[in-house]
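Engineer: sequence and predicted structure, then a few things I'm wondering about:
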Amino acid sequence: METDWLWGLIGGGIIGLGGAVYLLGNGRIMGASGIVGGLVDGLVDGSGRKIALEKILFLAGVVLLPLLLQSVSSTQASTHMTDNVILIVSAGLLVGIGTRIANGCTSGHGVCGISRLSLRGLIATVFYILAGGLTLAIFRHGLGLI
Amino acid sequence: MRLFLSFLAGGLFGTGLFLSGMTDTTKVQGWLDVFGDWDPTLAFVMGGAILPMFIAWRLTEGRRPLAGGQFPPQSNPELDRRLIVGSAMFGIGWGLVGLCPGPVIASITYNGWSGVWFLVAMLAGMAVAPKFGIQLDRLMAKA
């Protein structure tokens, strides 16, 4: 649609505002993989109990607001996600391992890292976009799988 | 205060992901698909998000967080194998399905079983990541 870029810009601005609240308010970097992964680490080794509730409430906000927005606007959002379980599980594992090994994802390295002029954030973003682009080229245009 | 600000930040993050269309996997794969029907939306989302964050980082200088504590330390300038290998792995998974960690969570209530399976696999991946990292370091030390 023609207005997609505008919604992208508006939505992006709100994402950045969320990151600014988390940083200036709580002194933390708003990275989705760090927040979720921190909770997973806590379940595995019992670390980070003190800030677990903070992270859980953050995630509650992430889940509830889109739900609320859909009910007030009575729209049904679609994710157009594949139902191929093999693809889904492989991709989920890669995203889970990769973001934790690299210590960040699109929000942490991309939004929070680049805005801080962090070289690590920029390099991570270059690599995941390149890898994602190559994946589309190979799996969509080469193999026709996605 | 901390808990309220966490919820507020998460709510803004979820709202932004939803409004920008980033929970729609076709828009994310569309951005990565330079040889197909390329969709530039993600660049606007990134740009739109980086601007307020850039200002926020400037505002941290000489201040303390509103709810107390410290701001994160200076970012680590070192580039290591973990950053590169991890980001490449993430990028492949991101491209295959079109979801990254934020949107998986934001769309969990309307993404059906596909979203649930992705989330479960992602959490499992995160749980084994520390062990995977140690193996990766060993492998790289030999190479």
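Structural biologist: Structure's in. What do you need?
Engineer: verify the stated contact: residue B:8 with residue A:21.
Structural biologist: Yes: in this structure residue B:8 lies within contact range of residue A:21 using C-beta atoms under 8 Å: 5.6 Å. All C-beta spots, glycine's among them, are computed from the backbone N, C-alpha and C.
Engineer: between the two, which one's more packed in?
Structural biologist: residue A:21 (22 against 18; other C-beta atoms under 10 Å in any protein chain shown).
Engineer: touching, the more buried one and residue B:10? I think so.
Structural biologist: No: in this structure residue A:21 lies outside contact range of residue B:10 using C-beta under 8 Å: 9.4 Å.
Engineer: what's the closest non-adjacent residue to residue B:25?
Structural biologist: Excluding the flanking residues, the one nearest residue B:25 by C-beta to C-beta, 6 or more residues apart in numbering or on different chains is residue B:98, at 3.0 Å.
Engineer: tell me which helix or strand residue A:12 sits in.
Structural biologist: Applying DSSP states H and E as the criterion places residue A:12 in helix A:4-26.
Engineer: hey, C-alpha coordinates of that helix in PDB?
Structural biologist: In PDB, the C-alpha atoms belonging to helix A:4-26 read as follows (Å, rounded to 0.1, in the frame of the first residue of the first chain):
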ATOM      1  CA  ASP A   4       3.000   1.700   4.300                       C
ATOM      2  CA  TRP A   5       6.200   3.800   4.600                       C
ATOM      3  CA  LEU A   6       4.300   6.400   6.600                       C
ATOM      4  CA  TRP A   7       3.000   3.800   9.000                       C
ATOM      5  CA  GLY A   8       6.500   2.400   9.100                       C
ATOM      6  CA  LEU A   9       7.900   5.700  10.100                       C
ATOM      7  CA  ILE A  10       5.200   6.400  12.700                       C
ATOM      8  CA  GLY A  11       5.500   2.800  14.200                       C
ATOM      9  CA  GLY A  12       9.200   3.100  14.100                       C
ATOM     10  CA  GLY A  13       9.100   6.400  16.000                       C
ATOM     11  CA  ILE A  14       6.900   4.700  18.700                       C
ATOM     12  CA  ILE A  15       9.400   1.800  19.000                       C
ATOM     13  CA  GLY A  16      12.100   4.400  19.500                       C
ATOM     14  CA  LEU A  17      10.100   6.200  22.100                       C
ATOM     15  CA  GLY A  18       9.700   2.900  23.900                       C
ATOM     16  CA  GLY A  19      13.400   2.400  23.800                       C
ATOM     17  CA  ALA A  20      13.900   5.900  25.100                       C
ATOM     18  CA  VAL A  21      11.600   5.300  28.100                       C
ATOM     19  CA  TYR A  22      13.400   2.100  28.900                       C
ATOM     20  CA  LEU A  23      16.800   3.800  28.700                       C
ATOM     21  CA  LEU A  24      16.100   7.100  30.400                       C
ATOM     22  CA  GLY A  25      13.700   5.600  32.900                       C
ATOM     23  CA  ASN A  26      15.200   2.300  33.900                       C
END
